[in-house]
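S.K.: pasting the structure only:
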């Protein structure tokens with residue numbers, strides 16, 4: 001007897017989205033709260049206060065993830081929005097990946113890999129030959145996801161209080 005149940009990753013689809021749409025803003029808020037609270041727990045042994053989190057979110061706009069030099073993607077699991085990723089052009093050949101997020105309850109279901117495959121396609125559509133990103137050392141799940149999907153550590157290309165490790169991926173030309 002064959003198993004006809006869909007694989008978990010088959011339940012994921014990814015589409016381009018308006019970064020100012022309500023579901024995009026909800027995902028970006030959740031992303032920010034997730035990474036900020038991890039930072040607060042690691043460095044201050046507490047959650048961020050609502051005031052701290054909202055202030056930090058306001059100081060981290062995502063409007064540069066819109067056309068013509070940006071792109072925003074939403075991943076849907078069984079039709080509902082549960083992940084996101086943003087791309088911004090750094091130069092004619094390089095796109096920066098940012099705001100990568102899969103809701104915690106759906107991590108490990110293949111959504112991250114499906115999202116990163118869509119990121120590759122979107123970056124190519126913007127004319128990119130390379131994708132780069134920076135992240136924190138404590139975001140171990142994200143770092144493992146990047147490594148599993150062809151990213152490798154690269155020298156620092158940016159600075160900032162949360163940039164601790166840098167990754168890059170060369171995009172193969174479309175055949």
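M.R.: All right, it came through fine. All of these numbers come straight from a predicted model, not from anything done at the bench. Numbers count the residues shown, from 1 in each chain.

S.K.: Going by C-alpha atoms from here, please, whenever you check contacts or count neighbours.
M.R.: Noted.

S.K.: Give me the helices and strands touching the top helix by length along the chain, please.
M.R.: Taking DSSP state H as the criterion, the chain has its longest helix at helix 22-44. Using 3 or more CA pairs under 8 Å, 6 or more residues apart in numbering; DSSP states H and E, the elements in contact with helix 22-44 are helix 50-58, strand 80-91, strand 94-102.

S.K.: orientation of the longest one relative to helix 22-44 in degrees?
M.R.: By that I understand strand 80-91. 80 degrees (axes from the mean of the first three to the mean of the last three CA atoms, to 10 degrees).

S.K.: average pLDDT for strand 80-91?
M.R.: Mean per-residue pLDDT for strand 80-91: 97.

S.K.: Just give the number of residues close to residue 144.
M.R.: 11 (other CA atoms under 10 Å).

S.K.: what about it, distance to residue 45?
M.R.: 24 Å (CA to CA, to the nearest Å).

S.K.: pretty sure residue 14 is in a strand, no?
M.R.: Yes: with DSSP: H, G, I helix; E, B strand; the rest coil as the criterion, residue 14 is part of a strand.

S.K.: Tell me the confidence at it?
M.R.: pLDDT, residue 14: 98.

S.K.: and if you look at residue 175?
M.R.: 63.

S.K.: and the longest helix of the chain with strand 94-102, angle?
M.R.: Going by the same axes, to 10 degrees, helix 22-44 makes 80 degrees with strand 94-102.

S.K.: mind listing what's buried in helix 22-44?
M.R.: 23-24, 27-28, 30-39 (16 or more other CA atoms under 10 Å).

S.K.: which residues sit against that helix?
M.R.: For helix 22-44, the external contacting residues (CA atoms under 8 Å, 6 or more residues apart in numbering) are 17-19, 46-48, 53, 57, 74, 81-84, 99-101, 139.

S.K.: Kindly write the PyMOL command that selects the buried subset of these.
M.R.: For the buried members of the contacts of helix 22-44, the matching PyMOL selection, counting by 16+ other CA under 10 Å, is:
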select buried, resi 17+18+19+47+48+53+57+74+81+82+83+84+99+100+101
